[in-house]
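Q: predicted model, plus sequence, below.
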Amino acid sequence: MGLAAGCAKKETAAAGPRAGSGQVQVVEVTPVTRRDLAETLTVVGSFEANESAQLRPEIAGLVQAIYFEEGQVVKRGQLLMKIDDAELRAQFAQVEARFKLAELNVARSENLSETRTIPQSEVDRARSEYAAARAELEVLKLRIEKTALKAPFDGVIGSRTLSPGDYVTSGSILTTINDLSRLKISFQVPERYLGKIRPGTVFTIHLRNPESVDKVKGEVYFVNPVIERTTRSTEIKGYLDTPPPALKPGMFANVEIVLDVRRGAMTVPEGAILTVTDGTQIIAVQESKGEKIAAFIPVRVGLRTHGLAEITTAEGALQEGQEVVAAGVGALILYPGIKLSPRPLRAEFQQGNEAR
């Protein structure tokens with residue numbers, strides 16, 4: 001509850017006619033407290049899988065068999081699909097025979113070359129044919145290996161779009177695979193905060209799914225060095241090493257980033273701040289001749305968070321634990337020197353107790 005707009009400006013003396021009047025103002029007060037204040041930024045982020053890939057065959061051919069079920073957890077190198085390789089194996093056998101003959105010819109040529117029975121050109125030709133046959137054999141081995149589509153990493157298989165008997169090309173998509181061992185989250189941060197965010201910065205995920213845990217910790221691993229001109233913000237990515245099972249790629253969540261922590265800051269409720277033409281003030285409760293009176297103290301307001309405001313004053317103007325007016329009963333009419341009847345601030349208006 002804030003102070004009424006009717007509060008008067010600070011006067012030069014508290015001992016005027018008003019100060020001596022018998023009027024007593026009932027106010028709610030709270031002590032000035034030192035605590036750690038965290039400057040935070042909350043943005044919306046989107047979850048991504050740690051790794052995600054669309055699986056396509058590298059060569060064209062007829063699908064011979066599919067070796068997975070949709071939604072199955074697979075390991076890296078596990079066979080997922082086989083393309084018919086009968087023709088390639090026949091070609092391989094043909095080239096293998098030529099390779100073996102070329103191998104024998106090289107051996108004979110080199111033996112004859114030692115006795116200088118044949119010219120060197122014949123030896124070179126035999127060696128060339130041998131090298132060509134070996135290279136062709138290696139090419140066919142690779143093509144046969146590519147008829148077997150395997151998982152590139154550990155992950156969960158998505159839905160498939162092909163069946164045995166389909167003819168596929170290198171552009172055909174069999175399925176997707178997602179590594180969910182940890183999740184990434186991507187979000188945008190305004191450029192004015194980039195100086196306080198770097199790889200290693202910790203953030204908290206506030207989940208919107210009521211079935212999952214309330215908060216999950218994460219850590220920034222990537223800060224895009226380029227700022228988008230249209231939004232004046234940049235992309236930030238972070239890891240969640242132990243994501244709850246309820247989190248899925250594509251979901252949204254609120255990301256809270258701690259930008260800075262003010263240690264031992266002097267704080268008051270935001271409702272205690274009075275803004276006038278001369279600046280900002282708070283109304284402290286002081287003792288005068290056995291009575292409690294109002295004293296208007298100029299302050300500078302710093303960080304504001306969770307209903308609290310960081311304040312600084314002239315040295316000695318305000319002490320930790322000193323009571324200040326935080327709220328009142330009805331419309332407050334306050335001026336320097338007015339007698340006060342303090343009451344503790346009601347619990348429902350107290351802020352930041354969890355940060356003490």
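A: Ah, there it is.
Q: contact partners for the residue lying closest to residue 166 once chain neighbours are set aside?
A: Distances taken as C-beta to C-beta, 6 or more residues apart in numbering place residue 63 nearest to residue 166, at 4.8 Å, with adjacent residues excluded. C-beta coordinates here come from the backbone N, C-alpha and C atoms, glycine included. Residue 63 makes contact with 81, 82, 83, 84, 162, 163, 164, 165, 166, 167, 168, according to C-beta atoms under 8 Å, 6 or more residues apart in numbering.
Q: next: residue 71.
A: Contact criterion C-beta under 8 Å, 6+ apart gives 156, 157, 158 as the residues in contact with residue 71.
Q: look at it and give its secondary structure.
A: The local conformation at residue 71, judged by DSSP: H, G, I helix; E, B strand; the rest coil, is coil.
Q: next: residue 301.
A: In three-state terms, and counting by three-state DSSP, residue 301 is strand.
Q: what's the answer for residue 110, then?
A: Residue 110 falls in the helix class when you classify it by three-state DSSP.
Q: likewise residue 128?
A: At residue 128 the chain is in helix, as set by three-state DSSP.
Q: which ones are touching it?
A: Applying C-beta under 8 Å, 6+ apart to residue 128 gives no contacts.
Q: and it, how far from residue 134?
A: Between residue 128 and residue 134 the computed distance is 11 Å (C-beta to C-beta, to the nearest Å).
Q: list the contacts of the closest residue to residue 85 other than its chain neighbours.
A: Once flanking residues are discounted, residue 85 sits nearest to residue 147: 4.2 Å by C-beta to C-beta, 6+ apart. If a contact means C-beta under 8 Å, 6+ apart, then residue 147 has 57, 59, 61, 82, 83, 84, 85, 88 as its contacts.
Q: need the contact list for the fifth one.
A: What that stands for is residue 83. Under the criterion of C-beta under 8 Å, 6+ apart, the contact list for residue 83 reads 57, 59, 61, 62, 63, 64, 147, 148, 149, 168.
Q: isn't the third one right up against residue 81?
A: No - contact between residue 61 and residue 81 fails when scored by C-beta atoms under 8 Å: they sit 10.4 Å apart.
Q: from residue 201, how far off is the residue nearest the centre of the chain?
A: Most central residue of the chain, judged by C-alpha distance to the mean C-alpha position with C-alpha atoms, centre = their mean, is residue 238 at 3.6 Å. Residue 238 sits 8 Å away from residue 201 when distances are taken as C-beta to C-beta.
Q: so what sits against both of the two?
A: 219, 220.
Q: thinking again about what came up before, buried residues in the helix or strand where the residue nearest to residue 166 lies?
A: Per DSSP states H and E, residue 63 falls inside strand 61-66. When burial is assessed from 16 or more other C-beta atoms under 10 Å, strand 61-66 yields the following buried residues: 61, 63, 66.
Q: the helix or strand hosting residue 87 relative to strand 61-66, how many degrees between them?
A: Counting by DSSP H and E, the element that carries residue 87 is helix 86-114. Using axes from the mean of the first three to the mean of the last three C-alpha atoms, to 10 degrees, the interaxial angle of helix 86-114 with respect to strand 61-66 works out to 110 degrees.
Q: which strands or helices does helix 86-114 pack on?
A: helix 120-145 (3 or more C-beta pairs under 8 Å, 6 or more residues apart in numbering; DSSP states H and E).
Q: so after the helix it packs on, what's the next helix or strand?
A: Moving toward the C-terminus from helix 120-145, the next element (DSSP H and E) is strand 148-150.
Q: list the strands paired with the helix or strand just after that following strand, with their directions.
A: Tracing the chain past strand 148-150, the next element assigned as helix or strand by DSSP H and E is strand 155-157. Paired strands of strand 155-157, with direction, are strand 73-74 (antiparallel), strand 175-190 (antiparallel) (DSSP bridges).
Q: please compute how far strand 155-157 lies from its chain's middle.
A: Average the C-alpha atoms of strand 155-157, do the same for its chain, and the two points are 23 Å apart (C-alpha atoms, centre = their mean, to the nearest Å).
Q: what sits up against it?
A: Counting contacts by C-beta under 8 Å, 6+ apart, the residues outside strand 155-157 that touch it are 49, 51, 68-74, 80, 175-180.
Q: show me which positions of it end up buried.
A: 155, 156, 157.
Q: before we move on, what about stretch 167-180?
A: 168, 174, 175, 176, 177, 178, 179, 180.
Q: now the residues you listed as CSV including distance to residue 315 and pLDDT?
A: Output for these, formatted as CSV (distance: C-beta to C-beta, whole Å; pLDDT from 0 to 100):
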residue, distance to residue 315, pLDDT
168, 79, 94
174, 73, 95
175, 70, 95
176, 65, 95
177, 64, 96
178, 60, 95
179, 58, 94
180, 57, 91
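Q: list just the nearest of those to residue 41.
A: Out of the buried residues of stretch 167-180, the one with the shortest distance to residue 41 is residue 180. That distance is 27.4 Å, counting by C-beta to C-beta.
Q: tell me the gap between the helix or strand harbouring residue 80 and the middle of its chain.
A: Under the assignment given by DSSP H and E, the secondary-structure element containing residue 80 is strand 79-83. Here strand 79-83 shows a centroid-to-chain-centroid distance of 36 Å under the convention C-alpha atoms, centre = their mean.
Q: which residues in the stretch 201-350 of the chain form strands?
A: Counting by DSSP state E, counting those that start in this stretch, one finds strands in the stretch 201-350 of the chain at the ranges 202-206, 215-223, 233-240, 252-269, 274-276, 279-288, 291-305, 308-312, 323-328, 339-344.
Q: this completes my enquiry, with thanks.
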